[in-house]
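Undergrad: A structural model of the following input is requested.
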Amino acid sequence: MGIIAWIFIGLLAGLIAKALMPGKDPGGIIITMLIGIAGGLLGGWLGKVIFGVDSIDGFFDLSTWIAAIVGSLILLVLYRVIAGNRRHA
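TA: Down below sits the predicted model:
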């Protein structure tokens, strides 16, 4: 897959992760999109390292989307914990 496909998957994964974890985020939509892109890459990497599967087979593979969404959820939780603590301190 090309870089444009990864960006597109990351953007959609970020929106899905935000829909699964609603609430007020310390950042706006731009931060959510960046978290989605990074989460897609993280999810693909974790799929390879932990499970030994090639989770980035293709754009329309379910495993690609699941890996991207899980990676986005992980980063969104971490972002809320880190940025949330800064706002209250």
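Undergrad: quick one: the nearest residue in space to Leu15 that is not next to it in sequence and Ala13, what's the gap?
TA: Spatial nearest neighbour of Leu15, chain neighbours left out: Gly36 (6.8 Å); criterion: Cβ to Cβ, 6 or more residues apart in numbering. In short, each C-beta sits where N, CA and C put it, glycine included. Taking Cβ to Cβ, to the nearest Å as the measure, Gly36 falls 5 Å from Ala13.
Undergrad: and Val77, what element?
TA: helix 62-88 (DSSP states H and E).
Undergrad: in that helix, what's buried?
TA: Neighbour counts over helix 62-88 (16 or more other Cβ atoms under 10 Å) mark 63-65, 67-76, 79-80 as buried.
Undergrad: next one: phi and psi at the closest residue to Lys18 other than its chain neighbours?
TA: Once flanking residues are discounted, Lys18 sits nearest to Thr32: 5.2 Å by Cβ to Cβ, 6+ apart. Here is the backbone geometry of Thr32 (degrees, to the nearest 10): phi -60, psi -40.
Undergrad: Thr32 and Gly14 touch, don't they?
TA: Yes. Thr32 is within contact range of Gly14, at 5.0 Å (criterion: Cβ atoms under 8 Å).
Undergrad: who's more crowded, those two?
TA: Each of Thr32 and Gly14 had its neighbours counted (other Cβ atoms under 10 Å), and the higher figure belongs to Gly14 (28 against 19).
Undergrad: these two touch, right, that one and Gly28?
TA: No. Using Cβ under 8 Å, Gly14 makes no contact with Gly28, being 11.9 Å away.
Undergrad: all set now, cheers.
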